[in-house]
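I would like to see how this sequence folds:
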Amino acid sequence: MHLSSLLDMLESGCSERPLLGTDDLLTGADLASLSRAGATSVVGHGSVVYVAESHPYLPVALFAATVAGVPYVPINYRLDDAQLFALIEDQSDPLVLTDGATAPRLAGLAVDGLVVRT
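You can find the predicted model right below:
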């Protein structure tokens, strides 16, 4: 089964059911809608790199990459800066997704796509 098929199943079978989050609850319909919208932002990038603490939007990034047909690369935000930069710079034209706590560490990174969730 392809991950995009799982997204379709979540949308049809759990469209109104809260699946993720505590404050910002995401339903199956929300997850599908956000993932497909995110995929349009991913098109043109070589991969989606997620460098942040776990968050309900992590699956959105995973499904967006899947729908766009690019690799999803989760990187442990606890790595030291040299290791983070090396892993990210090893990707071809990545879209880097991070959070406000990790973003300052990535300030010197030479990538075209850096998205910070606050």
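
Which pLDDT does the model give residue 13?
Per-residue pLDDT puts residue 13 at 75.

Counting neighbours, what do you get for it?
Residue 13 sits with 9 neighbouring residues when counted by other Cβ atoms under 10 Å. Every residue, glycine included, has its C-beta placed from N, CA and C.

tell me what the helix or strand where residue 33 lies is packed against?
Using DSSP states H and E, residue 33 sits within helix 28-42. If you count contacts as 3 or more Cβ pairs under 8 Å, 6 or more residues apart in numbering; DSSP states H and E, helix 28-42 packs onto helix 3-13, strand 18-20, helix 58-68.

The helix or strand just after the last one pairs with which strands?
In this case it means helix 58-68. Following helix 58-68 in sequence order, the next helix or strand is strand 72-74 (DSSP H and E). Take DSSP bridges as the rule and strand 72-74 pairs in its sheet with strand 47-51 (parallel).

quick one: contacts for residue 109?
Neighbouring residues of residue 109 by Cβ atoms under 8 Å, 6 or more residues apart in numbering: 85, 88-89, 96.

mind running it again at 10 Å?
Neighbour list for residue 109: 51, 81, 84-85, 88-89, 94, 96, 98, 103 [criterion: Cβ atoms under 10 Å, 6 or more residues apart in numbering].
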